[in-house]
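Asks: Fold the following, please.
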Amino acid sequence: MDGSFILEDILPPARDVLQNQGFKPDSEIRDRITALFNDAMELFKKSANPQGIIAEISIKEFAVIYEGESKNDIDNPLIRIFPQADYLALFALTMGEEVSTNIETLFQKNDFPVVYMLDTIASLAADNAAELYQGKYMKSLTEENYDTVENYVLAYSPGYCGWHISGQKKMFEYLKPEKIGITLNDSFLMKPLKSVSGVLIAGKKKIHIFPINFYFCQYCKTKSCRQRIKSLTVA
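Replies: Residues are numbered from 1 along each chain as shown. Here you go, the predicted model:
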């Protein structure tokens, strides 16, 4: 499956960027904030070089990757979900090295307003790209007569919901995203920083629904899984 995508398809709108920074939807946005957003967005457009890769994988093969360095939480959503999948695909994507370099340079110059805005734009764009991959994978399956009413595709990434970040190691050995410029450091963090990796899981909508009563849920500040699960009832 083709892992390429167009930059314009993943650009976050101003309202999403500002809400992520703490502005309320009904807040009055001053001209200087709008100008700051526009400057950061232009810098992102000029420096971003989005690339991605997707590769299908069997449940048996993914079980080995999921096990990773044997550091996962004993019970977590993913260990319950992936054995019930119809299809699985690993993915990795990045906004490119220049974006991360610009963020680091601006930070060193103490240009905090711009770097904060640019960092938020790049993070949301990477998240949007992962969501775009969900749609692309689902579309590729529907072309093979996969049911879109009962089934759904969601992405899951190492470092979240009990899947230890060390799972990146075996995932990279299988996917080989180095060919699009993504590498791992000794702490299993990706470089460039504005990169996302994980597994796309296609299956019945119900397999993606789980309660937030796992041990690690108490430490989660965003509870973003609730919005993802909510989308299953309206998709």
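Asks: Which positions within the helix ranked longest in the chain qualify as buried?
Replies: Ranked by number of residues, the top helix in the chain under DSSP state H is helix 112-142. By 16 or more other CB atoms under 10 Å, the buried positions in helix 112-142 come out as 114-130, 132-134, 136-138, 140-141. Every C-beta, even on glycine, is put in place using the N, C-alpha and C of the backbone.
Asks: What is the neighbour count of P13?
Replies: Neighbours of P13 under the rule other CB atoms under 10 Å: 11.
Asks: what's stretch 159-178 in contact with?
Replies: Stretch 159-178 is contacted by residues 53, 55, 57, 61, 64-69, 71-73, 75-79, 90-92, 94, 156-158, 182, 184, 187-190, 197, 199, 214-216, 225 when judged by CB atoms under 8 Å, 6 or more residues apart in numbering.
Asks: actually stretch 116-131, not the one I wrote
Replies: Contacts for stretch 116-131 (CB under 8 Å, 6+ apart): 5, 7, 9-12, 16-17, 20-21, 36-37, 39-41, 43-44, 48, 50, 52, 91, 93-95, 99-100, 102-103, 106, 155, 157, 194-196, 198.
Asks: can you do 6 Å?
Replies: If you take CB atoms under 6 Å, 6 or more residues apart in numbering as the criterion, stretch 116-131 is touched by 10, 12, 16-17, 20-21, 36-37, 40, 43-44, 93, 95, 99, 103, 155, 194, 196.
Asks: Need the outlier residue of the protein, farthest from its centre.
Replies: Ranked by distance from the centre of the chain (CA atoms, centre = their mean), the top residue is D31, with 31.0 Å.
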